[in-house]
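A.B. asks: how would this look folded up:
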Amino acid sequence: MREPRRWRVTSRRLPFEHPLFNLEVRTVVPNDEVSEPQDASARDGGEPDHRESRDVLVLDCADWVNVVAVLETPGKADQVVLIRQWRYGSEDWTLEIPGGIVDPGEDPADAASRELEEETGYRAGRIERLGQVSPNPAIQSNRCTTFLATNLERVGEPVGDGSEEIEVVLGPLASVPSQIREGVISHALVVAAFQFFDLYRSA
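C.D. replies: Predicted coordinates:
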């Protein structure tokens, strides 16, 4: 049985560009079959000299952040700040945690703080990095980093980005595992975020 091979990009084309993502067509070859392109035509989309190549589709997305925001009240059980949001892909409501895109040049922790405040009206006194995942490495280039937000202060109403349909929902933190088991929370990146949170608490 042949060993799996690494693949090298020899050219990129952009048939579609959008603020959310670019659709790239990448020509790739096995890593041991070709060196870096030797001329401009290979770099700019011409055919490199190699024995085997294929075109693959990649959604070149900006990096994302997710925020597990825990509201601590003395004498009461901890709550988690969730958002109920309409999603056009599934054509349904989802129960999620705050999150969004990391702007160009923005620190992910700053993006997490910004998204939390924009989507929920809460400001975090403390932001901690919990972990990072690749949302779908088969076709996406980006990473999603999860942060824990604590010492929360309500500073206003959620404003979103002007195109989001969002409702802020406070729920018992202890109920999250059952919500995941029952499919109430079904967004894969949100499930991954709570897994990071569980690892953090058990460390």
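A.B. asks: identify the residues contacting the helix or strand hosting Val25?
C.D. replies: Assigned by DSSP states H and E, Val25 falls within strand 21-30. The contact list for strand 21-30 (C-beta atoms under 8 Å, 6 or more residues apart in numbering) reads 5-17, 45, 48, 50, 52-62. All C-beta spots, glycine's among them, are computed from the backbone N, C-alpha and C.
A.B. asks: quick one, which of those residues are buried?
C.D. replies: 7-8, 10-11, 48, 50, 53, 58-59, 61-62 (16 or more other C-beta atoms under 10 Å).
A.B. asks: and these, which two are furthest apart?
C.D. replies: His50 and Ala62 (31.2 Å; C-beta to C-beta).
A.B. asks: neighbouring strands - and their directions - for the strand holding Val25?
C.D. replies: Partners of strand 21-30 in the sheet, by DSSP bridges, are strand 7-17 (antiparallel), strand 54-61 (antiparallel).
A.B. asks: what's the offset of the last one from the middle of its chain?
C.D. replies: Mean C-alpha position of strand 54-61 versus that of the full chain (C-alpha atoms, centre = their mean, to the nearest Å) differs by 17 Å.
A.B. asks: check the longest one too.
C.D. replies: Using C-alpha atoms, centre = their mean, the mean C-alpha position of strand 7-17 is found 22 Å from that of the whole chain.
A.B. asks: now it: average pLDDT?
C.D. replies: The average pLDDT for strand 7-17 rounds to 95.
A.B. asks: got the domain boundaries for the protein?
C.D. replies: Domain segmentation of the chain under automatic domain parsing yields 7-61, 64-202.
A.B. asks: in TSV, list the buried ones among the contacts of strand 21-30 along with distance to Ala193.
C.D. replies: Shown next, in TSV, are those (distance: C-beta to C-beta, whole Å):
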residue	distance to Ala193
Trp7	30
Arg8	33
Thr10	36
Ser11	36
Pro48	41
His50	41
Ser53	38
Val58	24
Leu59	21
Cys61	17
Ala62	18
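A.B. asks: so which of those residues is the closest to Pro177?
C.D. replies: For the buried ones among the contacts of strand 21-30, the nearest to Pro177 is Cys61 (29.2 Å; C-beta to C-beta).
A.B. asks: residues contacting the closest one?
C.D. replies: So Cys61 contacts 20-21, 135, 140-142 (C-beta under 8 Å, 6+ apart).
A.B. asks: min pLDDT across those residues, which one?
C.D. replies: Leu20 (89).
A.B. asks: which non-adjacent residue is nearest that residue?
C.D. replies: Cys61 (7.1 Å; C-beta to C-beta, 6 or more residues apart in numbering).
A.B. asks: and the gap between that neighbour and Thr10?
C.D. replies: For Cys61, the distance to Thr10 equals 22 Å [C-beta to C-beta, to the nearest Å].
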